[in-house]
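>>> Just to be clear, the model below is a prediction. Sequence and coordinates:
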Amino acid sequence: MSNELFSPRQDIVFKMLFGSEGSTDILTAFLKAVLPLSDDEYAEVTLLNPISTSDFPDDKICILDVKVETAKGRIIDVEIQVANKSDLRERIVYYLSKMVTEQVGKGESYLTIKPSVCILITDFVLVPENARYHNRYRLRDFATGSEFTDLMEVNTLELPKLPDNSDGTPEWFWLAFLKDDREEVYEVLSDNNPDVKK
């Protein structure tokens, strides 16, 4: 008989696994699997307050699932979304915009802005145009493909698109872990990936 555990897709469980002080090693391993950054970027990963400040009383407050800063100052938001909400793309753009604007105060140089990245994990198909389970978006020119800036980036990870069999990447193991709720599946994944085992 299959044992069912608390789903890692549940908001509270996800935040405990990836967004608590004692789990930064797990979070770092996940980030390394998803974002191709240099090792020195991951030398230190610091959890930040996930609640954004507001400048005006009527400002919309955003509460991120997991907000982190890398050793080089990159700000990363990791979101898990189970329900397919019609305004999700707009909400992610708003979150990214807040992550950028919070970095600069009055009289400070815009040159101090570090890249902001959102990793959006969905339990539904968000990008039906292609079969890729990981899509990476930045600001680019349509005609030439040249990049305007790397200061804003969205990574979508769609669990329903994950192939049943491993593609050999550490990312696949993490997403397979998030996708399934059965203890026997976790055991198989743990046997094949020490970071997932933690």
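Yes, it's here.

>>> Do a quick rundown of the strands in this protein.
45-47, 66-70, 75-81, 116-122, 134-140, 147-158 (DSSP state E).

>>> okay, the ones you listed in TSV with mean neighbour count next?
C-beta: built from backbone N, CA, C; applies to glycine. Below are these laid out as TSV (neighbours: other CB atoms under 10 Å):
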stretch	mean neighbour count
strand 45-47	15
strand 66-70	21
strand 75-81	22
strand 116-122	23
strand 134-140	14
strand 147-158	17
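
>>> remind me, longest helix of the chain?
In the chain, with assignment by DSSP state H, the single longest helix is helix 88-101.

>>> Output that helix as PDB, restricted to C-alpha atoms.
Output of helix 88-101 as PDB, limited to C-alpha atoms (Å, rounded to 0.1, in the frame of the first residue of the first chain):
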ATOM      1  CA  LEU A  88      -0.500  34.800 -12.400                       C
ATOM      2  CA  ARG A  89       1.700  36.300 -15.100                       C
ATOM      3  CA  GLU A  90       0.800  39.800 -14.100                       C
ATOM      4  CA  ARG A  91       1.400  39.000 -10.400                       C
ATOM      5  CA  ILE A  92       4.900  37.600 -11.200                       C
ATOM      6  CA  VAL A  93       5.800  40.800 -13.200                       C
ATOM      7  CA  TYR A  94       4.600  42.800 -10.200                       C
ATOM      8  CA  TYR A  95       6.700  40.800  -7.800                       C
ATOM      9  CA  LEU A  96       9.800  41.200 -10.000                       C
ATOM     10  CA  SER A  97       9.200  44.900 -10.300                       C
ATOM     11  CA  LYS A  98       9.100  45.200  -6.500                       C
ATOM     12  CA  MET A  99      12.300  43.200  -6.200                       C
ATOM     13  CA  VAL A 100      14.000  45.700  -8.500                       C
ATOM     14  CA  THR A 101      12.600  48.900  -7.100                       C
END
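
>>> So, low pLDDT: which residues of this structure?
1-4, 54-56 (pLDDT under 70).

>>> one more time with 90
The chain contains residues with pLDDT under 90 at 1-7, 11, 21-23, 49, 51-63, 166, 168, 180-198.

>>> those helices in it, which residues are they?
Under DSSP H, the chain gives helices at 11-18, 24-34, 88-101, 170-179, 183-192, 194-197.

>>> What is the burial count for residue 86?
Neighbourhood size, residue 86 [other CB atoms under 10 Å]: 6.

>>> residues contacting residue 119?
31, 34, 35, 76, 77, 78, 79, 155, 157 (CB atoms under 8 Å, 6 or more residues apart in numbering).

>>> Look up the residues forming beta bridges with the fourth one.
In this structure, residue 76 has the following beta-bridge partners (DSSP bridges): residue 68, residue 117.

>>> For it, give its distance to residue 115.
9 Å (CB to CB, to the nearest Å).

>>> Residue 101 and residue 92: what is the separation?
On the measure of CB to CB, residue 101 and residue 92 end up 15 Å apart.
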